[in-house]
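A.B. asks: Just the structure for this:
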Amino acid sequence: MSKFAKKTKASQDIPTAALPDIIFMLLFFFMVTTVLRETDIMVKQTLPRATQLSKMEKKSLVSHIYIGKPKKTNLYGSEPRIQVNDVLIEPKDIVMWVQKEKDKLDEVERDAITISLKIDEEAKMGIISDVQQQLREANARKIMYATPERIDEIAGG
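C.D. replies: Prediction:
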(Lines give C-alpha, C1' and ligand atoms only; values in the text may rest on other atoms or scores of the structure.)
Protein backbone atom coordinates (compact mmCIF):
# COMPACT_ATOMS: atom_id res chain seq x y z
CA MET A 1 0.00 0.00 0.00
CA SER A 2 1.19 3.31 -0.76
CA LYS A 3 1.10 6.10 1.58
CA PHE A 4 -0.50 9.26 0.40
CA ALA A 5 0.43 12.44 2.21
CA LYS A 6 -1.76 15.48 2.32
CA LYS A 7 0.03 18.29 0.65
CA THR A 8 -2.69 20.90 0.94
CA LYS A 9 -1.43 24.11 2.36
CA ALA A 10 -3.99 26.74 3.11
CA SER A 11 -2.86 30.24 2.35
CA GLN A 12 -2.69 32.42 5.47
CA ASP A 13 -2.50 35.73 3.54
CA ILE A 14 -5.42 38.13 3.64
CA PRO A 15 -6.05 39.82 0.32
CA THR A 16 -5.63 43.58 0.78
CA ALA A 17 -6.07 44.72 -2.80
CA ALA A 18 -9.62 45.99 -2.17
CA LEU A 19 -8.78 47.66 1.16
CA PRO A 20 -8.10 51.19 -0.24
CA ASP A 21 -11.37 51.05 -2.15
CA ILE A 22 -13.28 50.13 0.99
CA ILE A 23 -11.63 52.91 2.99
CA PHE A 24 -12.43 55.53 0.36
CA MET A 25 -16.04 54.35 0.14
CA LEU A 26 -16.41 54.70 3.91
CA LEU A 27 -14.75 58.11 3.85
CA PHE A 28 -17.03 59.26 1.04
CA PHE A 29 -20.09 57.89 2.87
CA PHE A 30 -19.29 59.83 6.06
CA MET A 31 -18.47 63.00 4.15
CA VAL A 32 -21.82 62.89 2.36
CA THR A 33 -23.97 61.99 5.36
CA THR A 34 -22.35 64.28 7.94
CA VAL A 35 -24.17 67.54 8.50
CA LEU A 36 -22.10 70.52 9.59
CA ARG A 37 -23.81 72.09 12.54
CA GLU A 38 -24.55 75.79 12.42
CA THR A 39 -24.89 77.58 15.71
CA ASP A 40 -28.36 78.83 16.53
CA ILE A 41 -28.22 80.95 19.64
CA MET A 42 -31.30 80.16 21.65
CA VAL A 43 -30.49 81.95 24.90
CA LYS A 44 -30.34 85.58 25.86
CA GLN A 45 -26.85 86.96 26.23
CA THR A 46 -25.63 89.89 28.26
CA LEU A 47 -22.06 90.56 27.28
CA PRO A 48 -19.66 91.69 30.02
CA ARG A 49 -18.67 95.33 30.22
CA ALA A 50 -15.06 96.41 30.26
CA THR A 51 -14.30 97.27 33.87
CA GLN A 52 -10.73 96.01 34.08
CA LEU A 53 -7.47 97.20 32.74
CA SER A 54 -5.62 94.84 30.44
CA LYS A 55 -1.94 94.89 29.66
CA MET A 56 -0.88 95.14 26.04
CA GLU A 57 1.33 92.25 24.97
CA LYS A 58 3.22 94.08 22.24
CA LYS A 59 3.56 97.78 22.90
CA SER A 60 5.45 98.19 19.63
CA LEU A 61 2.11 97.72 17.81
CA VAL A 62 0.53 100.75 19.54
CA SER A 63 0.49 104.19 17.92
CA HIS A 64 -0.84 107.19 19.82
CA ILE A 65 -3.16 110.01 18.79
CA TYR A 66 -3.55 112.91 21.21
CA ILE A 67 -6.54 115.25 21.02
CA GLY A 68 -6.79 118.41 23.09
CA LYS A 69 -6.29 122.15 23.20
CA PRO A 70 -2.78 123.23 22.18
CA LYS A 71 -0.46 124.53 24.91
CA LYS A 72 0.69 127.41 22.68
CA THR A 73 -2.69 129.00 22.00
CA ASN A 74 -1.20 132.11 20.44
CA LEU A 75 0.48 129.99 17.76
CA TYR A 76 -2.06 127.17 17.14
CA GLY A 77 -5.35 128.63 18.38
CA SER A 78 -7.60 127.54 21.22
CA GLU A 79 -9.65 124.84 19.44
CA PRO A 80 -8.79 121.18 20.14
CA ARG A 81 -6.19 119.80 17.73
CA ILE A 82 -4.90 116.37 16.76
CA GLN A 83 -1.29 115.45 17.52
CA VAL A 84 0.51 112.38 16.19
CA ASN A 85 4.13 111.77 17.07
CA ASP A 86 5.44 115.35 17.35
CA VAL A 87 3.25 116.95 14.70
CA LEU A 88 -0.18 118.58 14.71
CA ILE A 89 -2.31 117.28 11.85
CA GLU A 90 -5.80 117.70 10.42
CA PRO A 91 -8.35 114.85 10.41
CA LYS A 92 -7.91 114.35 6.64
CA ASP A 93 -4.22 113.47 7.20
CA ILE A 94 -4.94 110.54 9.54
CA VAL A 95 -5.27 107.96 6.73
CA MET A 96 -1.81 108.83 5.43
CA TRP A 97 -0.37 108.77 8.97
CA VAL A 98 -1.84 105.30 9.64
CA GLN A 99 -0.31 104.01 6.40
CA LYS A 100 3.10 105.37 7.44
CA GLU A 101 2.76 103.74 10.86
CA LYS A 102 1.84 100.42 9.24
CA ASP A 103 4.83 100.70 6.90
CA LYS A 104 7.15 100.86 9.93
CA LEU A 105 5.92 97.40 11.04
CA ASP A 106 6.65 93.97 9.63
CA GLU A 107 4.22 92.80 6.98
CA VAL A 108 2.72 90.18 9.30
CA GLU A 109 2.01 92.71 12.07
CA ARG A 110 0.46 95.47 9.94
CA ASP A 111 -3.13 94.40 10.56
CA ALA A 112 -2.48 94.06 14.30
CA ILE A 113 -1.73 97.77 14.82
CA THR A 114 -3.63 99.35 17.70
CA ILE A 115 -4.40 103.06 17.78
CA SER A 116 -4.44 104.58 21.26
CA LEU A 117 -6.62 107.67 21.57
CA LYS A 118 -5.70 109.97 24.43
CA ILE A 119 -8.42 112.59 24.45
CA ASP A 120 -8.86 115.59 26.70
CA GLU A 121 -12.11 115.38 28.66
CA GLU A 122 -13.17 118.77 27.38
CA ALA A 123 -12.69 117.93 23.69
CA LYS A 124 -15.86 118.10 21.63
CA MET A 125 -17.31 114.98 20.08
CA GLY A 126 -17.11 116.43 16.55
CA ILE A 127 -13.34 116.12 16.27
CA ILE A 128 -13.41 112.67 17.92
CA SER A 129 -16.03 111.50 15.42
CA ASP A 130 -13.91 112.83 12.54
CA VAL A 131 -10.88 110.90 13.84
CA GLN A 132 -12.90 107.71 14.23
CA GLN A 133 -14.24 108.03 10.68
CA GLN A 134 -10.75 108.54 9.27
CA LEU A 135 -9.47 105.52 11.21
CA ARG A 136 -12.24 103.43 9.66
CA GLU A 137 -11.21 104.58 6.19
CA ALA A 138 -7.59 103.68 6.98
CA ASN A 139 -8.71 100.20 8.10
CA ALA A 140 -7.34 100.76 11.60
CA ARG A 141 -10.07 98.89 13.46
CA LYS A 142 -8.33 98.24 16.77
CA ILE A 143 -8.80 101.35 18.89
CA MET A 144 -7.91 101.78 22.54
CA TYR A 145 -9.21 104.70 24.59
CA ALA A 146 -6.72 105.60 27.28
CA THR A 147 -8.06 106.55 30.72
CA PRO A 148 -6.19 107.77 33.78
CA GLU A 149 -7.91 105.45 36.26
CA ARG A 150 -10.01 102.30 36.38
CA ILE A 151 -13.71 102.53 35.54
CA ASP A 152 -14.89 100.61 38.62
CA GLU A 153 -13.07 103.06 40.89
CA ILE A 154 -15.00 105.93 39.30
CA ALA A 155 -18.36 104.13 39.58
CA GLY A 156 -17.69 102.88 43.11
CA GLY A 157 -16.93 106.33 44.44
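A.B. asks: Enumerate every residue touching the spatially most central residue of the chain.
C.D. replies: In the chain, the centroid-proximal residue (CA atoms, centre = their mean) is Ala112; its distance is 6.7 Å. Neighbouring residues of Ala112 by CB atoms under 8 Å, 6 or more residues apart in numbering: Lys58, Leu61, Lys142. To be clear about C-beta, it is placed using only N, CA and C from the backbone, and glycine gets the same treatment.
A.B. asks: Select only the buried ones of these in PyMOL?
C.D. replies: This is the PyMOL syntax for the buried subset of the contacts of Ala112, where burial follows 16 or more other CB atoms under 10 Å:
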select buried, resi 61
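A.B. asks: if you look at the contacts of Ala112, which of them are in helices?
C.D. replies: Members of the contacts of Ala112 lying in helices (criterion: DSSP state H): none.
A.B. asks: would you turn the contacts of Ala112 into a markdown table with pLDDT?
C.D. replies: Listed next are the contacts of Ala112 as a markdown table, based on pLDDT from 0 to 100:
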| residue | pLDDT |
| --- | --- |
| Lys58 | 72 |
| Leu61 | 80 |
| Lys142 | 85 |
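A.B. asks: Just give me the closest of the contacts of Ala112 to Glu122.
C.D. replies: Lys142 (25.9 Å; CB to CB).
A.B. asks: Can you list phi and psi of the nearest residue to the closest one once chain neighbours are set aside for me?
C.D. replies: The shortest distance from Lys142 to any non-neighbouring residue, by CB to CB, 6 or more residues apart in numbering, is to Thr114 (4.4 Å). Dihedral angles of Thr114 (phi, psi; degrees, to the nearest 10) stand at phi -120, psi 130.
A.B. asks: ok, then the element right after the longest helix along the chain?
C.D. replies: Ranked by number of residues, the top helix in the chain under DSSP H is helix 19-33. Next helix or strand after helix 19-33 toward the C-terminus (DSSP states H and E): strand 62-68.
A.B. asks: shaky segments in the protein?
C.D. replies: In the predicted model, the chain carries pLDDT under 70 at residues 1-2, 4-8, 11, 37-56, 147-157.
A.B. asks: before we move on, back to that, show me what counts as buried in the longest helix of the chain.
C.D. replies: Buried residues in helix 19-33 (16+ other CB under 10 Å): none.
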